[in-house]
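Asks: give me a model of this one.
(one chain, ligands or ions: 2)
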Amino acid sequence: MKITSICCIGAGYVGGPTMAVIAKQCPHIKVTVVDLNEVRIAAWNDPDVDKLPVYEPGLGEIVKEARGRNLFFSTDVDGAIEEAQMIFISVNTPTKTYGLGKGMGADLKWIELCARQIARVSTSNKIVVEKSTLPVRTAEAIKDILQYTGSGVQFQVLSNPEFLAEGTAVDDLLMPDRVLIGGDPSPEGGDAIQSLVDIYATWIPTDRILTTNVWSSELSKLVANAFLAQRISSINAISELCEKTEADVNEVSRAIGADSRIGPKFLKASVGFGGSCFQKDILNLVYISRSFGLTEVADYWEQVIIMNDHQKRRFALNIVRNLYNTVSGKKIAFLGWAFKKDTNDTRESAAIYVADYLLNEQADVKVFDPKVSEKQIYADLDYLGSRDPDQNRLGLSVINDPYEVCKNAHAIAVLTEWDEFKDYDWQRIYDSMLKPAKIFDGRNLLNAQRLRDIGFIVQSIGSANVKSHTVIA
Ligand SMILES: NC(=O)c1ccc[n+]([C@@H]2O[C@H](COP(=O)([O-])OP(=O)(O)OC[C@H]3O[C@@H](n4cnc5c(N)ncnc54)[C@H](O)[C@@H]3O)[C@@H](O)[C@H]2O)c1
Ligand SMILES: O=c1ccn([C@@H]2O[C@H](COP(=O)(O)OP(=O)(O)O[C@H]3O[C@H](CO)[C@@H](O)[C@H](O)[C@H]3O)[C@@H](O)[C@H]2O)c(=O)[nH]1
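Replies: Residues are numbered from 1 along each chain as shown. Ligands and ions are numbered 1, 2, ... in the order given. Below is the predicted model of the structure:
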């Protein structure tokens, strides 16, 4: 089937950018992105593309080019479903917070709602595409819901997981390493797969478009994230050993990454990985494995999360220890709150957990992030439920100026690797801080030697440098 009309349910970090790029590359296809969230849709329609709900480099220009031509954002979910030949489901699938699988399994209630809505509204044959990240065999449930409508409408269900990373979404979508499409082995399934292949083949070389059965596709998404996160936890585990042995984790990364079998990417030690995906998807993998009775498999992958939690806690504890075992009433300046640079997304950001830990120690936390709002920062802290919202506002404040945030601080903690942090006037910052002026670089972002030359005491992740450089200025 030649596709000329697509709908995407869910205008989030995946639905918005993914559909914007399809619309840009395929002007012959009408792409409508729908969401229940009116505020989000209004922001996607804002004439000022700086106000789009998702910040991604390059996205504003693409939206400007395609919006109103063949890209539309709307809250009319029923209308868009009815009109489309192909429907992408790109809604959130967070970790369950209640009932069976609480804290481990994926909450699929929004997926099921979409399937039921598609079943109810459709009067013509549709291809339904799982774009959300889902537990293996979810397509079975979706098919079940779709095939008993009694309307005679035929549905094909495909799995087409998204591999974009935030902050580089546009490049990842324009030049992906691969696109993965899973479908039924039947002739109808094959036709559906081909319809989706044809869309991507408009701009992606066909040897990068992989087709598999539905279950392999669903599972591959969870496995890809588990492998990526495992590399980070592995290097973070080694970072702790480096701190004890005077090995330097950056040098170890370079040395092992030069082996082409290991490769250099995703070996950057940090305060711990964040983001909406890694933890959720690994917990889901662990849950699925446990539910099949695969205890060793589940334990193996769970260790990736245990190590990550340890790394976040260890970073915070290190700050306390190095500030003479108390941070009570001490001003700690946070540079960064987003879970990585070039995004305004804060979900599962390490900064949230480090702040929570320091607030428990009665620190006076001041935060600056170039793209994250005060409202979001308080929402993240309040969501943890560790203390009353009032106490969060007493203990932590958000300051929109990096120099102000560092003024009179006892220490700076770098939580996000924003490029601009490297170019600050560090002499000016040093002069404004209490002495000894300490920096805990959770991203190994800053030039430690340059900072030491100014007079800072610098603690990077994975190098045994704090004690040997302790100088009271
Ligand atoms: N964020 C990423 O970088 C990323 C990358 C790859 C895959 N994924 C996966 O993609 C999926 C979506 O992630 P996201 O980050 O875009 O989530 P998101 O929370 O940013 O967006 C999801 C949107 O779906 C909307 N929604 C929920 N139920 C709906 C319904 N019934 N009808 C209409 N709209 C509905 C919500 O209002 C929300 O705006 C998840 O499964 C996630 O694991 C995310
Ligand atoms: O060497 C590294 C690489 C990353 N990180 C951290 O790991 C987290 C995740 O980073 P990244 O993977 O770049 O961003 P995400 O947007 O979370 O993307 C991941 O999760 C998405 C959602 O499933 C997938 O689509 C992507 O392929 C996958 O990379 C961030 O906190 C990074 O700071 C490190 O600490 N060290």
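
Asks: what about the closest residue to ligand 1 within the stretch 151-300 of the chain, is that helix, strand or coil?
Replies: Nearest residue of the stretch 151-300 of the chain to ligand 1, counting by C-beta to the nearest ligand atom: Glu162, 4.0 Å away. Glycine gets a C-beta too; all of them are placed from N, C-alpha and C. Recorded secondary structure, Glu162: coil (DSSP: H, G, I helix; E, B strand; the rest coil).

Asks: and the stretch 351-473 of the chain, which of its residues are near ligand 1?
Replies: Proximity of the stretch 351-473 of the chain to ligand 1, by C-beta under 6 Å from any ligand atom, involves no residues.

Asks: report the contact partners of the residue in the stretch 351-473 of the chain positioned nearest to ligand 1.
Replies: Nearest residue of the stretch 351-473 of the chain to ligand 1 (C-beta to the nearest ligand atom) works out as Gln376 at 12.9 Å. Applying C-beta atoms under 8 Å, 6 or more residues apart in numbering to Gln376 gives the contacts Trp337, Asn344, Thr346.

Asks: from what I can see the first one touches Pro370, true?
Replies: No. Under the criterion of C-beta atoms under 8 Å, Trp337 is not in contact with Pro370, lying 9.5 Å apart.

Asks: which one of those two is surrounded by more residues?
Replies: Trp337 (26 against 19; other C-beta atoms under 10 Å).

Asks: residues in contact with that one?
Replies: Trp337 touches Thr346, Ser349, Ala351, Ile352, Val367, Asp369, Val372, Gln376, Ile377, Asp380, Leu415, Thr416, counting by C-beta under 8 Å, 6+ apart.

Asks: among the residues you listed, give me the pair with the biggest separation.
Replies: Greatest spacing in the contacts of Trp337, by C-beta to C-beta: Gln376 and Leu415 (14.2 Å).

Asks: what about the residue of the stretch 151-300 of the chain closest to ligand 1, how many neighbours?
Replies: 24.

Asks: that one against Pro17, yeah?
Replies: No. Counting by C-beta under 8 Å, Glu162 sits too far from Pro17 to count as a contact (9.2 Å).

Asks: what sits closest to Ser463 if chain neighbours are left out?
Replies: Nearest residue to Ser463, sequence neighbours excluded (C-beta to C-beta, 6 or more residues apart in numbering): Asp248, at 4.7 Å.

Asks: what about the one you found, neighbour count?
Replies: Going by other C-beta under 10 Å, the residues that sit close to Asp248 add up to 20.

Asks: swap in Gln362?
Replies: 12.

Asks: quick one on the thing from earlier: tell me the one of the contacts of Gln376 nearest Gln391?
Replies: So of the contacts of Gln376, ranked by how close each gets to Gln391 (C-beta to C-beta), first place is Trp337, at 18.4 Å.

Asks: how close does Phe334 get to ligand 2?
Replies: 15 Å (C-beta to the nearest ligand atom, to the nearest Å).

Asks: ligand 1 contacts on the stretch 51-200 of the chain?
Replies: 77, 90-93, 110, 113-114, 132-133, 162, 164, 166.

Asks: these in helices, which ones?
Replies: Val77, Trp110, Leu113, Cys114 (DSSP state H).

Asks: turn those into TSV, including pLDDT and neighbour count.
Replies: Converted to TSV, those look like this (pLDDT from 0 to 100; neighbours: other C-beta atoms under 10 Å):
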residue	pLDDT	neighbour count
Val77	98	18
Trp110	98	17
Leu113	97	14
Cys114	98	25
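
Asks: for these, which two are the farthest from each other?
Replies: Going by C-beta to C-beta, the pair spanning those furthest: Val77 and Trp110, at 12.0 Å.

Asks: can I see the domain layout of the chain?
Replies: As assigned by automatic domain parsing, the chain contains the domains 5-204, 213-473.

Asks: wait, a helix at Val129?
Replies: No. The assignment for Val129 by three-state DSSP gives strand, which leaves it out of any helix.

Asks: tell me the contacts of it?
Replies: Val129 sits in contact with Met86, Ile87, Phe88, Ile89, Val157, Leu158, Ser159, Asn160, Leu196, where contact means C-beta under 8 Å, 6+ apart.

Asks: okay, these in JSON lines with secondary structure, pLDDT and distance to ligand 2 next?
Replies: Formatted as JSON lines, those follow (DSSP: H, G, I helix; E, B strand; the rest coil; pLDDT from 0 to 100; distance: C-beta to the nearest ligand atom, whole Å):
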{"residue": "Met86", "secondary structure": "strand", "pLDDT": "98", "distance to ligand 2": "21"}
{"residue": "Ile87", "secondary structure": "strand", "pLDDT": "98", "distance to ligand 2": "21"}
{"residue": "Phe88", "secondary structure": "strand", "pLDDT": "98", "distance to ligand 2": "15"}
{"residue": "Ile89", "secondary structure": "strand", "pLDDT": "98", "distance to ligand 2": "15"}
{"residue": "Val157", "secondary structure": "strand", "pLDDT": "98", "distance to ligand 2": "20"}
{"residue": "Leu158", "secondary structure": "strand", "pLDDT": "98", "distance to ligand 2": "18"}
{"residue": "Ser159", "secondary structure": "strand", "pLDDT": "98", "distance to ligand 2": "14"}
{"residue": "Asn160", "secondary structure": "coil", "pLDDT": "98", "distance to ligand 2": "12"}
{"residue": "Leu196", "secondary structure": "helix", "pLDDT": "98", "distance to ligand 2": "18"}
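
Asks: show me how to select, in PyMOL, the buried members of these.
Replies: Per 16 or more other C-beta atoms under 10 Å, the buried members of the contacts of Val129 correspond to this PyMOL selection:
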select buried, resi 86+87+88+89+157+158+159+160+196
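
Asks: quick check, nearest of the contacts of Val129 to Pro402?
Replies: Phe88 (39.2 Å).

Asks: which of the contacts of Trp337 lies closest to Val223?
Replies: For those, the closest approach to Val223 (C-beta to C-beta) belongs to Ser349, at 23.9 Å.

Asks: quick check, Ser159 in contact with Asp184.
Replies: No. In this structure, Ser159 is not within contact of Asp184 by C-beta under 8 Å, at 10.4 Å.

Asks: identify the contacts common to the two.
Replies: Val214.

Asks: got the phi and psi for Ser5?
Replies: phi -140, psi 120 (degrees, to the nearest 10).

Asks: hmm, Gln85 and it touching each other?
Replies: Yes. The criterion here is C-beta under 8 Å, and Ser5 meets it with Gln85 at 5.3 Å.

Asks: those two: which is more packed in?
Replies: Remark: of Ser5 and Gln85, Gln85 carries more neighbours, 18 against 15, as counted by other C-beta under 10 Å.

Asks: spatially nearest residue to the residue of the stretch 151-300 of the chain closest to ligand 1 (excluding sequence neighbours)?
Replies: Val14 (5.0 Å).

Asks: which ones are touching the one you found?
Replies: Ser90, Lys131, Ser132, Glu162, Leu164.

Asks: this completes my enquiry, with thanks.
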